[in-house]
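In: what follows is a predicted structure for the sequence shown.
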Amino acid sequence: MKKPRLGLTRQILLGLALGVVAGALVQRFSPESASIFRPFSQLFLKLVKMLLAPLLFTTLVAGVAGAGHFRAVGRMGLRAIIYFEIVTTLALFIGLAAVNITRPGDGLKLPPAAAGPDLAAKAQGWQDVLLHLVPNSVFEAFAKNEVLPIVTFSLVFAIALGMLGERGRPIVRACEIVSEAMFKMTDIVMRYAPIGVGAAIAYTVGHGGLRVLWNLGLLVGTLYAALALFILAVLLPVAVLAKVPVRRFVEAVKEPAVIAFSTTTSEAALPRALENMEAMGVPRRIVSFVLPLGYSFNLDGSTLYLSLTSVFVAQAAGIQLSAGQQIAMMLTLMLTSKGVAAVPRGGVVILAATATSFGLPLEGVMLILGVDELMDMARTCVNVIGNCLAAVVVAKWEGEYPPPAQAAPAPAGEM
């Protein structure tokens with residue numbers, strides 16, 4: 001009988017454990033030998049960086065132009081997009097506040113940021129940030145993995161394709177195929193992740209000691225606390241203000257949320273989320289529009305995770321980001337997190353892209369990958385809850401919830 005293969009998550013955890021043991025032994029007997037692990041972690045970093053530009057471009061073009069989100073005319077589409085952006089912005093700033101309060105990256109010893117044109121290494125005014133949005137040459141932006149210019153070009157290109165209508169469909173289809181190929185490439189690269197993560201943690205522990213385990217535990221705890229705060233301070237008030245029946249909503253969202261938490265995949269929870277929201281009384285046309293749209297534009301848990309972990313990497317590298325630089329990073333994350341919900345380990349890929357753009361060392365991202373599964377469970381669960389609530393809120397705005405059959409019954413004796 002064929003033995004079941006060890007899944008990637010377990011392989012990464014095994015690599016993490018072996019790396020901790022190897023690093024502890026190296027630090028105990030020969031700290032100067034820690035550098036022997038570094039080339040193996042650097043190889044993984046180069047493989048990830050190789051994916052960034054084509055992955056961002058194809059997923060953004062396929063996600064925006066392919067689904068026609070910007071052409072989703074009418075009041076409902078506009079209201080949904082405005083709601084998504086307000087809520088995800090709040091999620092970003094809650095993550096930002098949480099990581100600045102707990103500071104889980106303090107005390108880690110990572111290599112300094114690489115030299116280059118970045119926003120974290122030198123102070124820049126709003127004029128510089130604005131001008132950095134537009135590339136001098138799109139080929140130069142792709143070659144240097146400059147995320148903001150790539151995003152700007154991708155969004156404008158996607159809008160232009162949409163304006164072409166059916167004539168633009170072949171290019172959109174080509175981008176969809178290439179993005180699917182990039183997903184497969186990501187799968188291939190992630191097969192090396194257990195070795196890369198193990199080498200990275202071994203180098204870090206061998207170089208700076210076992211304190212890294214405390215930092216990673218504090219990071220995971222900070223994320224869970226921030227997500228709980230987001231639910232209580234943002235989603236619950238939104239539900240109350242929109243007069244959503246909270247108890248009924250909790251009953252409806254409970255099962256898809258558990259599926260998302262246990263599988264770490266929003267797509268696995270989508271069929272049940274669609275079914276339960278419709279059973280709750282949200283019209284099918286609204287559910288089938290808002291939920292898929294939210295998978296690109298309303299990733300509350302993922303955006304909070306990205307804001308928290310990006311600042312963690314800066315803290316671990318000893319880089320002090322000003323308030324303005326952190327806000328610039330948040331704006332970058334608001335753009336780069338769109339359209340990549342289907343990317344395996346998508347949060348890590350986007351985090352790596354943002355770290356590269358801001359000159360932060362990718363070794364910090366490698367450490368996060370070791371505990372990413374624990375964080376992925378929570379952020380995916382919150383993504384699903386946020387999207388289900390968005391469907392009910394939009395239905396309320398449209399005046400279609402509750403449906404007539406669920407409206408308050410007429411007083412007895414009235415006909």
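Out: Good, I have the coordinates. Numbering: from 1, shown residues only.
In: ok now stretch 160-168, how far from the chain's centre?
Out: Here stretch 160-168 shows a centroid-to-chain-centroid distance of 28 Å under the convention CA atoms, centre = their mean, to the nearest Å.
In: wait, stretch 176-185
Out: If you compare the mean C-alpha spot of stretch 176-185 with that of the full chain, they lie 18 Å apart, counting by CA atoms, centre = their mean.
In: pLDDT of that stretch, averaged?
Out: Across stretch 176-185, the average pLDDT comes to 84.
In: isn't residue 13 up against residue 373?
Out: Yes. Judged on CB atoms under 8 Å, residue 13 makes contact with residue 373 at a distance of 7.4 Å. For the C-beta atoms, the positions are set from N, CA and C on the backbone; glycine is no exception.
In: ok, residue 37 - contacts?
Out: 19, 22, 23, 26, 199, 200, 202, 203, 206 (CB atoms under 8 Å, 6 or more residues apart in numbering).
In: now those as TSV including neighbour count, secondary structure and distance to residue 398?
Out: Formatted as TSV, the entries for the contacts of residue 37 read as follows, by neighbours: other CB atoms under 10 Å; DSSP: H, G, I helix; E, B strand; the rest coil; distance: CB to CB, whole Å:
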residue	neighbour count	secondary structure	distance to residue 398
19	29	helix	52
22	20	helix	58
23	27	helix	56
26	21	helix	61
199	25	helix	53
200	31	helix	49
202	28	helix	55
203	27	helix	55
206	27	helix	58
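In: right, and the pair among the residues you listed with maximum separation?
Out: The largest separation in the contacts of residue 37, counting by CB to CB, is between 26 and 200 at 13.4 Å.
In: what strand or helix carries the closest residue to residue 299 other than its chain neighbours?
Out: Across the structure, with CB to CB, 6 or more residues apart in numbering as the measure, the residue nearest residue 299 apart from its sequence neighbours is residue 383 (5.1 Å). Take DSSP states H and E as the rule and residue 383 turns out to sit in helix 372-397.
In: check residue 273 too.
Out: helix 266-279.
In: tell me the mean pLDDT for that helix?
Out: Along helix 266-279, the predicted confidence averages to a pLDDT of 79.
In: please name every helix or strand in contact with it.
Out: For helix 266-279, the contact count by 3 or more CB pairs under 8 Å, 6 or more residues apart in numbering; DSSP states H and E identifies helix 246-263, helix 284-297, helix 372-397 as packing neighbours.
In: elements contacting the first one?
Out: Contacting helix 246-263 under the criterion 3+ CB pairs under 8 Å, 6+ apart are the following elements: helix 236-241, helix 266-279, helix 372-397.
In: one more time with 6 Å
Out: Applying 3 or more CB pairs under 6 Å, 6 or more residues apart in numbering; DSSP states H and E, one finds that helix 246-263 makes contact with helix 266-279, helix 372-397.
In: now do the last one: distance to the chain's middle.
Out: Yep, that's helix 372-397 we're talking about. Relative to the chain's own centre, helix 372-397 is displaced by 13 Å; criterion: CA atoms, centre = their mean.
In: and the angle from it to helix 246-263?
Out: Taking axes from the mean of the first three to the mean of the last three CA atoms, to 10 degrees, helix 372-397 and helix 246-263 form an angle of 150 degrees between their directions.
In: now helix 372-397: mean pLDDT?
Out: Throughout helix 372-397, pLDDT has a mean value of 88.
In: give me the angle between that helix and helix 266-279.
Out: With the same axes, to 10 degrees as the criterion, the two stretches helix 372-397 and helix 266-279 enclose an angle of 30 degrees.
In: tell me which strands and helices helix 372-397 is in contact with?
Out: Using 3+ CB pairs under 6 Å, 6+ apart as the contact test, the elements touching helix 372-397 are helix 75-102, helix 211-230, helix 246-263, helix 266-279, helix 284-297, helix 300-316.
In: please identify the buried residues of the fifth one?
Out: This points to helix 284-297. Judged by neighbour count (16 or more other CB atoms under 10 Å), helix 284-297 contains these buried residues: 286, 287, 289, 290, 291, 293, 294, 295, 296, 297.
In: repeat for the longest one
Out: Neighbour-count burial for helix 75-102 flags 76-77, 79-81, 83-84, 87-88, 90-92, 94-96, 98-99, 102 (criterion: 16+ other CB under 10 Å).
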